[in-house]
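Participant: Below are the sequence and a predicted model; questions follow.
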Amino acid sequence: MPLVRIDLRQGKTPEYRRKIEEMVYRAMLETIKMPESDRFQVITDHPEDGLIYDPSYLGINRTDDIEFIQITLNAGRTLEQKKALYARVVELLGKEPGIRMEDVFINLVECAKEDWSFGNGIGSYAS
C-alpha cells in the first residue's frame, strides 16, 4: 500500500531514476512486509532552485545530489521496521546508483487503511 514520492535534481538519467525506484521498492519488500507487486511511485525532477535543503542540519553534510523520499503507508509498522527500512534504503542506494548516505532524506507518512482508493471509486480496504 505504500505510495512513494521521490524528488531529485533535474539531469539524472532514466537508468539512474530506475535504479532509485527499484532499490526503494526492494528495501520496502525486505523490511516492512509490503505485499509483492504493491508498486506505486512518483519520481519528480526539480530545477536547481526547486529543492531547498539545509546543507548541514543535524551535522549531516548534504550536497546538491540530495534525494527526498516520502513514503505514505498504512500505520502500524514498528520502530524497528522503520529503522530497518531507513538503513536498507541507504545501503541499496549507495550500491546502485551510488548515492551518498548523507544525501538520502526519508520521510514516512502513516495513514489508516480506509484512506486508500486504488481505483473504481471505492475504498479498497474500507470495511
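Facilitator: Here it is on my side, so go on.

Participant: Low-confidence ranges, this protein, go.
Facilitator: For the chain, the stretches flagged by pLDDT under 70 are 127.

Participant: For it, which segments count as helices?
Facilitator: Remark: helices assigned in the chain by DSSP state H are 14-31, 79-95.

Participant: Quick one: residues in contact with the shortest one.
Facilitator: Translated: helix 79-95. 19-20, 23-24, 26-28, 30-33, 67, 69, 71, 77, 99-101, 104, 106, 108 (Cβ atoms under 8 Å, 6 or more residues apart in numbering). Quick note: C-beta positions are derived from backbone N, CA and C, even for glycine.

Participant: Can you tell me which of these are buried?
Facilitator: 19-20, 23-24, 27-28, 31-32, 67, 69, 71, 77, 99, 104, 106, 108 (16 or more other Cβ atoms under 10 Å).

Participant: For D7, state which of the residues you listed is nearest.
Facilitator: Among the buried ones among the contacts of helix 79-95, E67 lies closest to D7 (Cβ to Cβ), at 7.2 Å.

Participant: so who does the nearest residue to that closest one once chain neighbours are set aside touch?
Facilitator: Nearest residue to E67, sequence neighbours excluded (Cβ to Cβ, 6 or more residues apart in numbering): L8, at 5.0 Å. Going by Cβ under 8 Å, 6+ apart, L8 touches R17, I20, I43, T44, D45, H46, L51, I66, E67, F68.

Participant: No further questions, thank you.
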